[in-house]
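# Next comes the sequence, and after it the predicted model I'd like to discuss.
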Amino acid sequence: MLLSKCRTVSFLIPLGLAVAGPAALALPSDKDAPVEIEADSADIDQKTTTTTYRGRVKIKQGSMELHADMVVITYRNRKPGTLTATGRPASFRQKPEKDKPWVSGKGRKIVYDINSEELTLTGDAVLTQNDDSFRSDRIVYDRVKARLKAGAAASGSERVRVRIHPNNTQ
């Protein structure tokens, strides 16, 4: 049962893809939706191949929304390589499938490596769907391996806290 709950984390991937391209595991309409970015400021540095958005950053593509104090996108070979969102907290939410409930996550830092397809939430990290939650100081999701790690398994220092309500069948 826990493994099936962990698989719902696959919605996380569009966090990085919101800037890089189509969302792989989201509502079918999300991948065709335009990417909308709002921030108080933007700094595009071609020498360091980074783009930094600061101040009430909001990135939206279809059902996916990311909110942060700052988002830094680093590029590798002219393509987005890493997206790093920081905040108090940085947060996101997405509807993974039409009939599924919203999934949300937050942490003081959210990092998505587009090449390895690995997402890391740190600093009071929480993943939630319905009333179910997964908490630790560090949560790592590897989409390629379909593997979720938290706490010591993810090089964290806190214990993992999981809450699953038996009546939540989705």
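Structure received.

# what packs against the strand or helix carrying S91?
Element membership for S91, per DSSP states H and E: strand 79-94. Using 3 or more C-beta pairs under 8 Å, 6 or more residues apart in numbering; DSSP states H and E, the elements in contact with strand 79-94 are helix 14-20, strand 64-76, strand 103-113. The way it works is simple: take the backbone N, C-alpha and C, and place the C-beta from them, glycine included.

# Apply 10 Å and report the result again.
Judged by 3 or more C-beta pairs under 10 Å, 6 or more residues apart in numbering; DSSP states H and E, the packing partners of strand 79-94 are helix 14-20, strand 50-61, strand 64-76, strand 103-113, strand 118-129.

# Mean pLDDT and mean neighbour count added to these, as JSON lines?
Below are the helices and strands packed on strand 79-94 laid out as JSON lines (pLDDT from 0 to 100; neighbours: other C-beta atoms under 10 Å):
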{"stretch": "helix 14-20", "mean pLDDT": "34", "mean neighbour count": "25"}
{"stretch": "strand 50-61", "mean pLDDT": "96", "mean neighbour count": "18"}
{"stretch": "strand 64-76", "mean pLDDT": "94", "mean neighbour count": "20"}
{"stretch": "strand 103-113", "mean pLDDT": "92", "mean neighbour count": "22"}
{"stretch": "strand 118-129", "mean pLDDT": "92", "mean neighbour count": "21"}
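
# Kindly reformat these as JSON lines containing distance to P96.
Listed next are these as JSON lines, based on distance: least, C-beta to C-beta, whole Å:
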{"stretch": "helix 14-20", "distance to P96": "9"}
{"stretch": "strand 50-61", "distance to P96": "14"}
{"stretch": "strand 64-76", "distance to P96": "10"}
{"stretch": "strand 103-113", "distance to P96": "6"}
{"stretch": "strand 118-129", "distance to P96": "8"}
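
# Please identify which of these is closest to D43.
strand 50-61 (4.5 Å; C-beta to C-beta).

# okay, the angle between the closest one and strand 64-76?
Per axes from the mean of the first three to the mean of the last three C-alpha atoms, to 10 degrees, the angle that strand 50-61 makes with strand 64-76 is 150 degrees.

# For strand 50-61, enumerate its sheet partners and note whether each is parallel or antiparallel.
Taking DSSP bridges as the criterion, strand 50-61 pairs within the sheet with strand 35-38 (antiparallel), strand 41-45 (antiparallel), strand 64-76 (antiparallel).
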